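Visitor: coords please:
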Amino acid sequence: MGHHHGHSHGHNHSHGHTGNKKALFLSFLLIASFMIVEVVGGLLTNSLALLSDAGHMLSDAAALGLSLFAIKLGERKASASKTYGYKRFEIIAAALNGLTLIVISVYIFYEAYQRFWNPPEVLSGGMLIISSIGLLVNIIAAWILMRGDKDENLNVRSAFLHVIGDMLGSVGAIIAALLMIFFGWGIADPIASVIVAILILISGWRVMKESFHILMEGTPANLEMDKVKSSLLKIPEVAEVHDMHIWSITSGMPMLSCHMVIEGEGVHDTILHHAQSILHDDFEIEHSTIQIEKIEHGCPNHHGSCN
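Guide: Residues are numbered from 1 along each chain as shown. Down below sits the predicted model:
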């Protein structure tokens, strides 16, 4: 009977994090700078579409700043009180970003509702110029973030979704400005705001749902418990696999723990090495804790029976 912790590194986490930090920092500078322009422009032109876009940009700047801080904090070494270090803070930051998006969308809905009944005068020419520059800024920021690790890192993806939502907000403001210039449709401004709010709400909900799943120690979406278990059961002399748990500390960092029951002439270290190779090569699980038990000794956690 034995207990072993497997810890092998096949991916280069530090390289990904350096790219993420650079992408987040450049995007933060771009978004924060233009946000000030858009707030001033929104107030001068009296456009809710511009102000809602600026509000979203404010949340973008906060999200990017928070994401950057989370990655920096995640690099801190593990300690006796924080045995996994601070990597989980990346998920907390993503959850806060998602929550911010939802709050902002609700506020835009409220403001747009007021304007539907009483559409104010909007300086559509100025609104068109500012929203066009805003679209360009968001395209650049999205391109920078796309070069980061957005598919693996939930935190970078949440920041990317902020920027994509903001880009669509700029498109909405451009269309609204054109409708007001050519057709005099004052109601186009609150309509554009509502469309932006819906997009913000959808991205906020997705990020919240995914980060909540990780915080609840849910099984990563790309891993199936049954497939992992059946792969381990194919190892010669492995009679049973039970008490299996698969979870994530942060995006792209899955963990596994399980008990493996071996029979016959099964050699502890050989089977353990085989199991860890399968987990690493087939499922990209680098961190595993496997307890190996001989079938004749029974299972200490199950009162002598491993069934």
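Visitor: Spatially, what comes nearest to residue 177 if we skip its sequence neighbours?
Guide: Closest residue in space to residue 177, ignoring its immediate chain neighbours: residue 128 at 3.8 Å, by C-beta to C-beta, 6 or more residues apart in numbering. (Each C-beta comes from the backbone N, C-alpha and C, glycine too.)
Visitor: tell me the domain boundaries of the protein?
Guide: As given by the TED database, the domain ranges for the chain are 18-214, 223-292.
Visitor: on that earlier part again, quick check: phi and psi at the residue nearest to residue 177.
Guide: Note on residue 128: backbone dihedrals following degrees, to the nearest 10 are phi -60, psi -40.
Visitor: ditto for residue 79
Guide: phi -130, psi 180.
Visitor: One more: residue 255?
Guide: The phi/psi pair for residue 255 (degrees, to the nearest 10) is phi -130, psi 150.
Visitor: Now for it: which residues touch it?
Guide: Each residue near residue 255 by C-beta atoms under 8 Å, 6 or more residues apart in numbering is listed here: 245, 246, 247, 248, 249, 285, 287, 288, 289.
Visitor: so what's it bridging to?
Guide: With DSSP bridges as the criterion, residue 255 is bridged to residue 247, residue 287.
Visitor: Just the buried ones from the contacts of residue 255?
Guide: Buried residues within the contacts of residue 255, counting neighbours by 16 or more other C-beta atoms under 10 Å: 246, 247, 248, 249, 285, 287, 288.
Visitor: Could you identify the least confident member of those residues?
Guide: On pLDDT alone, residue 249 ranks lowest of the buried ones among the contacts of residue 255, at 86.
Visitor: hmm, back to that, what's the closest of the contacts of residue 255 to residue 93?
Guide: Nearest to residue 93 among the contacts of residue 255 is residue 249, at 14.0 Å by C-beta to C-beta.
Visitor: Just to check, the closest one is in contact with residue 86?
Guide: No. Judged on C-beta atoms under 8 Å, residue 249 makes no contact with residue 86 at a distance of 10.2 Å.
Visitor: picking that back up, can you put the contacts of residue 255 in TSV and add distance to residue 37?
Guide: Output for the contacts of residue 255, formatted as TSV (distance: C-beta to C-beta, whole Å):
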residue	distance to residue 37
245	50
246	47
247	43
248	39
249	39
285	46
287	45
288	50
289	52
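Visitor: of all those, which comes closest to residue 184?
Guide: residue 248 (53.0 Å).
Visitor: List the contacts of that closest one.
Guide: By C-beta under 8 Å, 6+ apart, the contact set of residue 248 is 214, 217, 218, 220, 254, 255.
Visitor: Look up the pLDDT of residue 19 for me, please.
Guide: pLDDT recorded at residue 19 is 69.
Visitor: Please enumerate the strands of the stretch 101-250 of the chain.
Guide: If DSSP state E, counting those that start in this stretch is used as the criterion, the strands of the stretch 101-250 of the chain fall at 238-248.
Visitor: hang on, the earlier thing: so the residue nearest to residue 177 makes contact with residue 174?
Guide: Yes. The pair residue 128 / residue 174 is scored as a contact, 6.4 Å apart, by C-beta under 8 Å.
Visitor: picking that back up, may I ask which two of the contacts of residue 255 are separated the most?
Guide: With C-beta to C-beta as the measure, no two of the contacts of residue 255 lie farther apart than 248 and 289, at 14.7 Å.
Visitor: And for residue 75, the neighbour number?
Guide: Neighbours of residue 75 under the rule other C-beta atoms under 10 Å: 14.
Visitor: same question, residue 172
Guide: Neighbour count of residue 172, defined by other C-beta under 10 Å: 24.
Visitor: Relative to residue 83, how far out is it?
Guide: From residue 172 across to residue 83, the span is 47 Å (C-beta to C-beta, to the nearest Å).
Visitor: residue ranges of the helices in this structure, please?
Guide: Along the chain, counting by DSSP state H, helices occupy 13-45, 48-74, 89-117, 124-146, 154-183, 188-215, 225-233, 268-283.
Visitor: which one of the domains of the chain is the most hemmed in?
Guide: Counting by mean count of other C-beta atoms under 10 Å, domain 18-214 has the highest mean neighbour count of those, with a mean of 21.
Visitor: any idea how far that domain is from the chain center?
Guide: Taking C-alpha atoms, centre = their mean, to the nearest Å, the mean C-alpha location of domain 18-214 is offset from the chain mean by 14 Å.
Visitor: Also stretch 282-298?
Guide: Distance of stretch 282-298 from its chain centroid, counting by C-alpha atoms, centre = their mean, is 30 Å.
Visitor: Pull that stretch out as PDB, backbone CA atoms only.
Guide: Extracted in PDB, the C-alpha atoms of stretch 282-298 (Å, rounded to 0.1, in the frame of the first residue of the first chain):
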ATOM      1  CA  ASP A 282      -3.300  11.900 -22.800                       C
ATOM      2  CA  PHE A 283      -5.100  14.400 -20.500                       C
ATOM      3  CA  GLU A 284      -2.400  17.100 -19.800                       C
ATOM      4  CA  ILE A 285      -2.800  16.600 -16.100                       C
ATOM      5  CA  GLU A 286       0.600  17.500 -14.600                       C
ATOM      6  CA  HIS A 287      -0.400  17.400 -10.900                       C
ATOM      7  CA  SER A 288      -1.700  14.100  -9.600                       C
ATOM      8  CA  THR A 289      -1.800  12.500  -6.200                       C
ATOM      9  CA  ILE A 290      -2.400   8.700  -6.400                       C
ATOM     10  CA  GLN A 291      -2.800   6.300  -3.500                       C
ATOM     11  CA  ILE A 292      -2.000   2.700  -4.500                       C
ATOM     12  CA  GLU A 293      -3.500  -0.200  -2.500                       C
ATOM     13  CA  LYS A 294      -3.000  -3.900  -2.700                       C
ATOM     14  CA  ILE A 295      -6.300  -5.700  -3.200                       C
ATOM     15  CA  GLU A 296      -5.600  -8.300  -0.400                       C
ATOM     16  CA  HIS A 297      -4.900  -5.500   2.200                       C
ATOM     17  CA  GLY A 298      -8.300  -3.900   1.600                       C
END
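Visitor: Much appreciated, bye for now.
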